[in-house]
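[1] Next one to model:
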Amino acid sequence: MSPIRKAVIPVAGLGTRFLPATKAQPKEMLPLVDKPVIQYVVEEAIRAGVENLVLVTGRGKQAIENHFDVAYELEDMLLRRGKTEDLEQVRAITGLGQFAFVRQGEPLGLGHAVLCARHAVGSEPFALLLGDDVFDEDGPALGALIKAFEATGKSVVGVQEVPLEHVSRYGIINAPEHPEGPWDVTNIVEKPDIANAPSRYAVVGRYVLSPRIFDHLAALKPGVGGEYQLTDALKQLADEGQLVAARIPAKRYDTGNKLDYLKANVEFALKRDDLRDDFRAYLRDLIN
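    Numbers count the residues shown, from 1 in each chain. Predicted structure coming up:
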């Protein structure tokens, strides 16, 4: 049984990088082939043994709540038409886990969004999954962080090495002293320039955090743009010697980036038995 029972998934962002597609629908509902991005994130948490999902939503995000709710009319129609396979697929979404939805009234940053989940989480450690990063289910992602939490008893950030020219896109931490296992985070810099980056190890949207993070988030002062930054609270944990990093071996798809989102759709389609052969042939003809 996983020592982590709850996961927080912030989904209140405005999705401006995908306008106009996100003008009237949440970016988290954009599909990878035929399944929305948010469902991949939820399924990752479930695979890691976390069954209580706290989604932090905002205005205009009702489609996310509806996706994980019962769709009576749709289910009745599928039942009457004998579409058993489709019906089972729709019902399985509702049965993935136990869902709770918390509203973030104002877009005040990731730190504020996580703080909004404080009362739903309570005084226990929890997972935090950001929806822009989707990981290949063939490799461990959140599961690797839970193992690091069990081994150290400390909060964990998931990291991967990124090209030097990309460090300014991420929170960057210090490099490990040893090649294996989790290591203490002593330095974390949000979106540094190349000259000031402590390493190429980037925090990539997966965390296991102790409830102590809420105390630090509640004490934060707003930063640039009036937003409350999660990185500032993580620095406090690091200063207390209560933050470690663990590598995520699974392949990552940054679905918040248009080009990477398109690449993810291609690769996920090529994994599908019902699409692989025809799609590969189409791509081959397109390139030639």
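[2] which residues sit in contact with the residue nearest the centre of the chain?
    Most central in the chain under C-alpha atoms, centre = their mean is L130, positioned 2.6 Å from the mean C-alpha point. Contact partners of L130, counting by C-beta atoms under 8 Å, 6 or more residues apart in numbering, are 9-10, 110, 205-206. (Each C-beta comes from the backbone N, C-alpha and C, glycine too.)
[3] Could you pull out the helices in the stretch 101-250 of the chain for me?
    In the stretch 101-250 of the chain, the segments counted as helices under DSSP state H, counting those that start in this stretch are 110-116, 118-121, 142-152, 212-218, 230-239.
[4] Pick the most deeply packed of the ones you listed.
    Stretch with highest mean neighbour count among the helices of the stretch 101-250 of the chain: helix 110-116 (a mean of 23; mean count of other C-beta atoms under 10 Å).
[5] now, which of the contacts of L130 sits nearest F68?
    Nearest to F68 out of the contacts of L130 is I9 (C-beta to C-beta; 10.9 Å).
[6] That closest one: what secondary structure?
    The three-state label given to I9 by DSSP: H, G, I helix; E, B strand; the rest coil is strand.
[7] What is the neighbour count of it?
    The number of residues packed near I9 is 24, by other C-beta atoms under 10 Å.
[8] which residues does it bridge with?
    I9 has these beta-bridge partners by DSSP bridges: L55.
[9] The closest residue to L217 other than its chain neighbours: what's it in contact with?
    Distances taken as C-beta to C-beta, 6 or more residues apart in numbering put L115 closest to L217, at 4.3 Å, once the chain neighbours are dropped. L115 is in contact with 214, 217-218, 228, counting by C-beta under 8 Å, 6+ apart.
[10] any idea how far the residue lying closest to E165 once chain neighbours are set aside is from V167?
    Using C-beta to C-beta, 6+ apart and skipping residues adjacent in sequence, the residue nearest E165 is I194, 7.1 Å away. Here I194 is placed at a distance of 6 Å from V167 (C-beta to C-beta, to the nearest Å).
[11] How about D193?
    From D193 to V167 the distance is 8 Å (C-beta to C-beta).
[12] same deal with R206?
    18 Å.
[13] before we move on, what about D277?
    39 Å.
[14] and if you look at T255?
    From T255 to V167 the distance is 20 Å (C-beta to C-beta).
[15] Equivalent analysis for F135, please.
    In terms of C-beta to C-beta, F135 sits 20 Å off from V167.
[16] the more surrounded of those two?
    Shown here are F135 and V167; by other C-beta under 10 Å, F135 has more neighbours (26 against 22).
[17] Let me know the pLDDT of that one.
    For F135, the pLDDT comes out at 95.
[18] For the biggest strand by length in the chain, give the mean pLDDT please.
    Determined from DSSP state E, the single longest strand within the chain is strand 201-209. For strand 201-209, the mean pLDDT works out to 96.
[19] Would you map out the domains in this structure?
    Listed domain ranges for the chain are 6-165+201-253, 257-288 (source: automatic domain parsing).
[20] For those domains, give me a markdown table that also has distance to N174.
    A markdown table is the format used below for the domains of the chain (distance: least, C-beta to C-beta, whole Å):
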| stretch | distance to N174 |
| --- | --- |
| domain 6-165+201-253 | 8 |
| domain 257-288 | 25 |
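[21] most tightly surrounded among those domains?
    Most buried among the domains of the chain, counting by mean count of other C-beta under 10 Å: domain 6-165+201-253, with a mean of 18.
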